[in-house]
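Enquirer: Quick one: sequence and predicted model below, then my questions.
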Amino acid sequence: MTTPGPIYVLNGPNLNLLGLRQPEIYGHDTLDDVVALCEEVAGRHGRTVEVRQSNHEGVLIDWVQEARTAASGVVINPAGYTHTSVALRDALVTLEVPLVEVHISNVHAREEFRKHSYVSPVATGTIAGLGITGYGLAVEFVCTR
Ligand code: DQA
C-alpha cells in the first residue's frame, strides 16, 4: 500500500502575523504554533502535513493545483480571500480529496461581509471560532477519513 500524501494546510494573507495581529480577535498563538499542532495531530496518525502561508492569491491557487495530485487532503484558511475570491474557489472545486475550511475567529459573529464565504459551499466542512484548535480538528478529520 502506498503512503498517503501530505495534508496541505494552506494559509492566506496576513496569517504570517498570527499572534501579533489583532490578538483580541485572533489570539496569541502564532503560525509556528499552528505548524506544531498540525504536525503533532498528523504524526499521531502516521501522516504528514505541508503547512504554507502566502499573501498572494495566485500563489495560493498554484498550491491548490499542486495539492490536486500531491495531497491527501487540504485544510485552508483563505483569510480575506474567503470573502472575495472566485478564482480560489474555482481551484478548490477541482480537488478530489477532503477539503476543510478553517477560520480562527467566529466569522459569523463579526462584520456582515465576513458572513459570506466563496469557499464554504465547495468545502467538505467548515470550522470557525475555535482558535487554532480548529486546525488540529481539521487535520484530525482528514486523517480519519
Ligand atoms: C479569518 C477570518 C477572515 O474574515 C479574515 O479576513 C482573516 C482571518 C480567521 O481565521 O478568522 O484574515 O480567516
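Expert: In hand now; what should we look at? Residues are numbered from 1 along each chain as shown.
Enquirer: partners of the closest residue to residue 66 other than its chain neighbours in the sheet?
Expert: Counting by CB to CB, 6 or more residues apart in numbering, residue 8 is the residue found nearest to residue 66 once chain neighbours are left out, at 7.9 Å. Yep, even glycine has a C-beta here, placed from its N, CA and C like the rest. In this entry, residue 8 is beta-bridged to residue 50, residue 74, by DSSP bridges.
Enquirer: please renumber so the chain begins at 36
Expert: I'll keep to 36 as the first residue from here, and by that count the last item is residue 43.
Enquirer: Residue 43 reaches residue 106, doesn't it?
Expert: Yes - between residue 43 and residue 106 there is a contact under CB atoms under 8 Å: 4.3 Å.
Enquirer: Now the common contact residues for those two.
Expert: residue 85 (CB atoms under 8 Å, 6 or more residues apart in numbering).
Enquirer: on that earlier part again, tally of neighbours for the residue nearest to residue 101?
Expert: When neighbours are defined as other CB atoms under 10 Å, residue 43 has 24 of them.
Enquirer: separation between it and the ligand?
Expert: Distance of residue 43 to the ligand, given as CB to the nearest ligand atom, to the nearest Å: 17 Å.
Enquirer: Residue 177 now?
Expert: For residue 177 relative to the ligand (CB to the nearest ligand atom), the value is 18 Å.
Enquirer: in the helix or strand where that residue lies, what counts as buried?
Expert: Using DSSP states H and E, residue 177 sits within helix 168-178. Neighbour counts over helix 168-178 (16 or more other CB atoms under 10 Å) mark 169, 170, 171, 172, 173, 174, 175, 176, 177, 178 as buried.
Enquirer: Run through who's touching that helix.
Expert: 42, 44, 69, 72-73, 75-77, 79-80, 82, 84, 107-108, 110, 112, 132-133, 135, 137-139, 159-160, 162-163, 165.
Enquirer: Restricting to C-alpha, output stretch 51-65 in PDB.
Expert: Taking Å, rounded to 0.1, in the frame of the first residue of the first chain, the C-alpha atoms of stretch 51-65 are listed here in PDB:
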ATOM      1  CA  ASN A  51       2.000  35.300   8.900                       C
ATOM      2  CA  LEU A  52       1.200  37.900  11.500                       C
ATOM      3  CA  LEU A  53      -0.700  35.500  13.700                       C
ATOM      4  CA  GLY A  54       0.000  36.200  17.300                       C
ATOM      5  CA  LEU A  55       0.800  39.900  16.600                       C
ATOM      6  CA  ARG A  56      -2.200  40.900  14.500                       C
ATOM      7  CA  GLN A  57      -5.400  41.800  16.500                       C
ATOM      8  CA  PRO A  58      -4.700  39.300  19.300                       C
ATOM      9  CA  GLU A  59      -8.100  40.200  20.800                       C
ATOM     10  CA  ILE A  60      -9.700  38.600  17.800                       C
ATOM     11  CA  TYR A  61      -7.100  36.000  16.600                       C
ATOM     12  CA  GLY A  62      -5.400  35.200  19.900                       C
ATOM     13  CA  HIS A  63      -1.700  34.900  20.800                       C
ATOM     14  CA  ASP A  64      -0.900  31.700  19.100                       C
ATOM     15  CA  THR A  65       1.500  32.000  16.100                       C
END
